[in-house]
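Asks: A predicted structure for the sequence below; I have some questions about it.
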Amino acid sequence: MRLLNATLCLLPIAIKARDTDELVPFAYEPLPLGSITPNGWLRTELEASAAGLGGHLYDFYRYVANSSWIGGDQEYSGLNEALPYWLNSIVPLSYTLQDDRLKADIKTVVSKILDLIQPDGWIGPETLEAGNRLIWARTPVFLGLTNLVDADPETYEEPIINALFRFNELMNSMLKNNGTGMIYHDGDKPSADDFIWFRSRSQDMVVSLQWMLDYHPGDKSELLRENIRLIHEYSYKWEGWYTEGSYIREDLNSVSQEVADREWPFLHGVTVAEALKYAAVFRRSTHNDSLITTAKNGVDWTFKYHGSASGSILADERLAGLDPFYGSELCTDVETIYSLAYNYLAIGDPDYADRTELAAFNALPAAMWPDWTSHQYMTQPNQPFSKRLSESPFWNVNTVGQTFGVEPNYPCCTVNHPQGLPKFTMYSFLKNGNNGLVHALLSPGKVNTKINDKEVTIDCQTDYPFNTSLSYTINSETSFDFYLRVPQWSTGIKINQQPSPIDSRTGLTKVRIQSGKTTLNYDIGMNIQTKSRANDTIAVYRGPILYSLYIDPITTSGPPLYYNTQQEWPEGTYPPQMQDHSLTNATEWNVAIDPSTLTFHSGAGSLPSPTFDDGKLPMYVTAQACLIDWPLFKGSVPASPPAKEDRVCLGDNFVATLRPYGSSKLHMSDLPTIDLGG
C-alpha cells in the first residue's frame, strides 16, 4: 500500500550528493550533427520521411505553417508545442540528409523565431502581459537550436547562443521567483495541469543547458549551473519514483483511481519515454553515481512491467500493463529511441544500445505508412485490423487512433515523429576517448570526423539488421582504435572470418586501424529466439528483428480527417499523397503456434524500397499452427488469448508465416503457443 508519494515532494534527496563545476564526461562522446550520413536502407527510410509527411509539414500543416511561434494563430493546445516538436525533428532530419529544401525551411523559421524574441529575452509567443508563460515548449525548441549550432556554426552559432544566454538570464530570475513558469501559482492563467509537463520532463531542457556548458559556456557557466540546480529543485523526482515501494508494477487499470491520479506525472507514456534519460542527464551535473542504478531500474522496470515486444512502452496514453490490446503512442516510440541512445552514450551500458535498436527497427516502422505519408497514433502488439473501432480499447485515445493518417488522434505525433531515425543516426557512431571510434548503433552509414586533428572516414555498407554481415571501408590519416558493439543476443562474432575477443564490461570488440585504407567484415551470429510474454504467449525474434504473424490487409484510403471533428479536410488543403488509410484483415488472426517448429527463411532478392513496405521484406519465419477460439475485448479488438490449458485447435494444422513486425501493418506479435506434436 502506498501511503506517501515522496517523489512529488520538492525536498532535495540523493541527487544533491555533490556539487561540482565540471560535468561528468559521457562514456562515449557524440559527434556533431551532420558528421554521420546514412547508407542503404537507412537512407531510403530517412529520404522517405523527408519526402513524406514530416518533410512537408511546413508546406501545409496548420500547426506548423501558421504557428504562433512565427506570427500565426494556430495551436492545438495552450502549450504552444507543435512547432517546437517540428523543429526538434526537422533539424536532425535535414542535416543528416543534407537536404537543402528542408534547410531553407529551417532558416526561414529560425529567423522568425529570433526576430520575435521579446525585449526581456523571452523566446516564444507568450507575453508577460498575457500571463501565459510556461517554460515547457522551449525545451524541444532548444534541442533543435543546439543541434543547429553543431551542424552549421558559421550561420547559427552567434545568434542562437546569444539568444540562449539572454533567455537563461530571464529563466534564472523566473525560477528564483518561486519557480515561475515551472510551478503553478494561484492566479496563473495556464492550468495547474499545464505545469506538469515541464516538471516531469525537465531533463530535456537540462540536456541543452549541459550542451552549452560543454561547448559554449561563454561567461555564463555559473548561471547555467544554477539554472540546472533550480530546474531540478522544482522537478518531479524520478529518482524517487524508480524505487521499491513507489514504482507501480501493476497494470494501471487495476489500481485505484486515487493512486493513478496522484501519480499521474509519472504515468504518461511519452513523459515516461523522455524520462528514461532523467537519471543519466542529472548525474552529469551531480556526480551522483547512484543515478546509474536509478537509470537501470527505470529502464528495466518500464519494459518488464509496461513494455511491448517491439521495444516501446505500452501506454494509451497512460501506462497500462502487458495485455496485447494496449498500445504504444508514436511519440513514445521516438522518445524511447532518443532516451535509450542518450543513456548509452552517457553511461555506456550496452543494454541501452540493444534496446535502442529494438525500438528503431520494430516499433517505429510499424507505426509508419511505408512511404512515411501517414502514421498511427497508437500501435497495438496484437493488431489484426486498423480501422474505426466500435469501442475504443484505450485509456484516452479515439476509435480511429490505430488507423494510419495525417492526424488520426492528437496532433503531437504528426509533428514529433520525424525525430526518431535522425536521432538514431546521430548516435550510430560515437567517439571513445581521444583515439577511438565506436560503431554503437549498428546500421548502414558513413562517418567523417577527425582523430588527433587527422581525417578519418568510415563507410559501412550493410543490410543489418536484416542480414548478419557489415562491411567497412576505412580511410584514415592516422592510426586509431575502432570498436564494434556486439549485441547481447549475438551467438558469436567474427572479424574478417576470425573470432575476436569481446570486452565483457562494454560489450565491444576492438580493431586496431592503421593509417591508409582498411577494409574489414564484421559477422554477427543470429538465431531464432523466443521471449515469454503475458498470458502464456511468446514473442519471436531473430537478432533485433521481431517477427509477428502476418495478416494480409484490405486497404481503404481517403482524404485526411481532422482529429477533433472527424470531418474530411477540404480538397486542396493537403498534398494529395497524404491520405488516411484503414485496413481490415483478409486472413485469420486467431492463431496459436507450436514454437518447436519455428524455422527461419532468408528469402530471395534484395531489400525493398521503401524498406518496410507491407509484407515485402524477403526474410520470414514459419511455424506449425492452428486456429483457436479467441474472444474480443470490448467487442472491438482481440482480448488476451485463452489460458494455455484451454487452447484447442478448431481445425487442421497449417503453416503460419511470421514476417518482420515493422513491415506487417496488421500483425499479432504476442503469440499463444500450443503443442502440435504427434
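Replies: Received, thanks.

Asks: for stretch 212-227, which residues meet the burial criterion?
Replies: Within stretch 212-227, the residues scored as buried using 16 or more other Cβ atoms under 10 Å are M212, L213, H216, K220, L223, L224, R225, N227. (Glycine included, C-beta is placed from N, CA and C.)

Asks: element containing the second one?
Replies: Which is L213. Using DSSP states H and E, L213 falls within helix 203-215.

Asks: and the angle for the next helix or strand after that helix with helix 203-215?
Replies: Downstream of helix 203-215, the first helix or strand assigned by DSSP H and E is helix 221-234. Per axes from the mean of the first three to the mean of the last three Cα atoms, to 10 degrees, the angle that helix 221-234 makes with helix 203-215 is 160 degrees.

Asks: let me see the mean pLDDT of the following helix or strand past helix 221-234.
Replies: Heading C-terminal from helix 221-234, the first helix or strand you meet, by DSSP H and E, is helix 238-241. What helix 238-241 shows for mean pLDDT is 98.

Asks: for helix 238-241, the distance to its chain's centre please.
Replies: Centre-to-centre, helix 238-241 and its host chain are 21 Å apart (Cα atoms, centre = their mean, to the nearest Å).

Asks: for it, packing partners?
Replies: Helix 238-241 sits against helix 278-286, helix 290-306, with contacts defined as 3 or more Cβ pairs under 8 Å, 6 or more residues apart in numbering; DSSP states H and E.

Asks: which elements pack onto the shortest one?
Replies: Identification of packing neighbours for helix 278-286 by 3+ Cβ pairs under 8 Å, 6+ apart yields helix 203-215, helix 221-234, helix 238-241, helix 290-306, helix 330-347.

Asks: report the angle between the longest helix anywhere in the chain and helix 221-234.
Replies: Secondary structure of the chain per DSSP state H: the longest helix is helix 153-176. Counting by the same axes, to 10 degrees, helix 153-176 lies at 50 degrees to helix 221-234.

Asks: next helix or strand past helix 153-176?
Replies: In N-to-C order, the element after helix 153-176 by DSSP H and E is helix 196-200.

Asks: can you dump the C-alpha coordinates of that next one into PDB?
Replies: Output in PDB follows, covering the C-alpha atoms of helix 196-200 (Å, rounded to 0.1, in the frame of the first residue of the first chain):
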ATOM      1  CA  ILE A 196       3.100  19.200 -15.100                       C
ATOM      2  CA  TRP A 197       4.800  18.800 -18.500                       C
ATOM      3  CA  PHE A 198       8.000  20.700 -17.800                       C
ATOM      4  CA  ARG A 199       8.200  19.500 -14.200                       C
ATOM      5  CA  SER A 200       8.100  15.900 -15.400                       C
END
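
Asks: out of the helices and strands packed on helix 238-241, which one sits most buried?
Replies: helix 278-286 (a mean of 25; mean count of other Cβ atoms under 10 Å).

Asks: measure how far it is from the centre of its chain, please.
Replies: Relative to the chain's own centre, helix 278-286 is displaced by 19 Å; criterion: Cα atoms, centre = their mean.

Asks: that one vs helix 330-347, what angle?
Replies: 40 degrees.

Asks: which residues are contacting helix 278-286?
Replies: Contact with helix 278-286 is made by 15-20, 23-24, 26, 202-203, 206-207, 210, 225, 228-229, 232, 238-239, 242, 288-289, 291-292, 294-295, 298, 342-343, 346-347, as judged by Cβ atoms under 8 Å, 6 or more residues apart in numbering.

Asks: so which of the helices and strands packed on helix 278-286 is nearest D316?
Replies: D316 lies closest, by Cβ to Cβ, to one member of the helices and strands packed on helix 278-286: helix 330-347, at 9.5 Å.

Asks: before we move on, the earlier item: what's the closest of the helices and strands packed on helix 238-241 to W197?
Replies: Going by Cβ to Cβ, the one of those nearest W197 is helix 278-286, 14.0 Å.

Asks: that closest one - what's its average pLDDT?
Replies: For helix 278-286, the mean pLDDT works out to 99.

Asks: can you give me the angle it makes with helix 290-306?
Replies: Here the directions of helix 278-286 and helix 290-306 differ by 170 degrees (the same axes, to 10 degrees).

Asks: ok, back up a step: which among the contacts of helix 278-286 count as buried?
Replies: Neighbour counting by 16+ other Cβ under 10 Å classes 15, 23-24, 26, 202-203, 206-207, 210, 225, 228-229, 232, 238-239, 242, 288, 291-292, 294-295, 298, 342-343, 346-347 among the contacts of helix 278-286 as buried.

Asks: adding distance to L97, write the helices and strands packed on helix 278-286 out as a markdown table.
Replies: Formatted as a markdown table, the helices and strands packed on helix 278-286 follow (distance: least, Cβ to Cβ, whole Å):
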| stretch | distance to L97 |
| --- | --- |
| helix 203-215 | 22 |
| helix 221-234 | 32 |
| helix 238-241 | 34 |
| helix 290-306 | 30 |
| helix 330-347 | 17 |
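
Asks: for T271, find the nearest of the ones you listed.
Replies: Closest of the helices and strands packed on helix 278-286 to T271 is helix 330-347, at 8.7 Å (criterion: Cβ to Cβ).

Asks: looking only at pLDDT, what's the mean for that closest one?
Replies: Helix 330-347 comes out at a mean pLDDT of 99.

Asks: packing partners for that helix?
Replies: Against helix 330-347 (3+ Cβ pairs under 8 Å, 6+ apart) you get helix 269-275, helix 278-286, helix 290-306, helix 350-358, helix 364-367, strand 378-379, helix 412-416, helix 420-426.

Asks: quick one: contacts for the spatially most central residue of the chain?
Replies: Closest to where the C-alpha atoms of the chain average out (Cα atoms, centre = their mean) is V334, at 2.1 Å. Residues near V334 by Cβ under 8 Å, 6+ apart: L364, N416, H417, Q419, G420, K423.

Asks: how many neighbouring residues does the residue nearest to it when sequence neighbours are not counted have?
Replies: Spatial nearest neighbour of V334, chain neighbours left out: G420 (3.6 Å); criterion: Cβ to Cβ, 6 or more residues apart in numbering. For G420, the neighbour count with other Cβ atoms under 10 Å is 30.

Asks: going forward, count from 757.
Replies: All right, first residue 757 from here; so that's G1176.

Asks: list the contacts for G1176?
Replies: Here G1176 is in contact with D1089, V1090, I1093, Y1094, A1116, L1120 (Cβ under 8 Å, 6+ apart).

Asks: recalculate using a threshold of 6 Å.
Replies: V1090, I1093, L1120 (Cβ atoms under 6 Å, 6 or more residues apart in numbering).

Asks: which among the residues you listed gets closest to P1140?
Replies: Out of the contacts of G1176, the member with the shortest distance to P1140 (by Cβ to Cβ) is L1120, at 20.6 Å.

Asks: shouldn't that closest one be in contact with D1089?
Replies: Yes. With contact defined as Cβ atoms under 6 Å, L1120 reaches D1089; the gap is 4.9 Å.

Asks: ok, the two, which is more surrounded?
Replies: Higher neighbour count among L1120 and D1089: D1089, with 33 against 27, using other Cβ under 10 Å.

Asks: how many neighbours does the closest residue to the more buried one other than its chain neighbours have?
Replies: Using Cβ to Cβ, 6+ apart and skipping the chain neighbours, the partner closest in space to D1089 is A1119 (4.5 Å). A1119 is flanked by 28 other residues according to other Cβ under 10 Å.

Asks: and the gap between A1119 and Q1136?
Replies: Distance of A1119 to Q1136, computed by Cβ to Cβ, to the nearest Å: 11 Å.

Asks: and for the closest residue to D855 other than its chain neighbours, the neighbour number?
Replies: Using Cβ to Cβ, 6+ apart and skipping residues adjacent in sequence, the residue nearest D855 is A806, 5.4 Å away. For A806, the neighbour count with other Cβ under 10 Å is 21.

Asks: what about A806, which SS state?
Replies: For A806, the assignment made with DSSP: H, G, I helix; E, B strand; the rest coil gives helix.

Asks: understood, closing this out.
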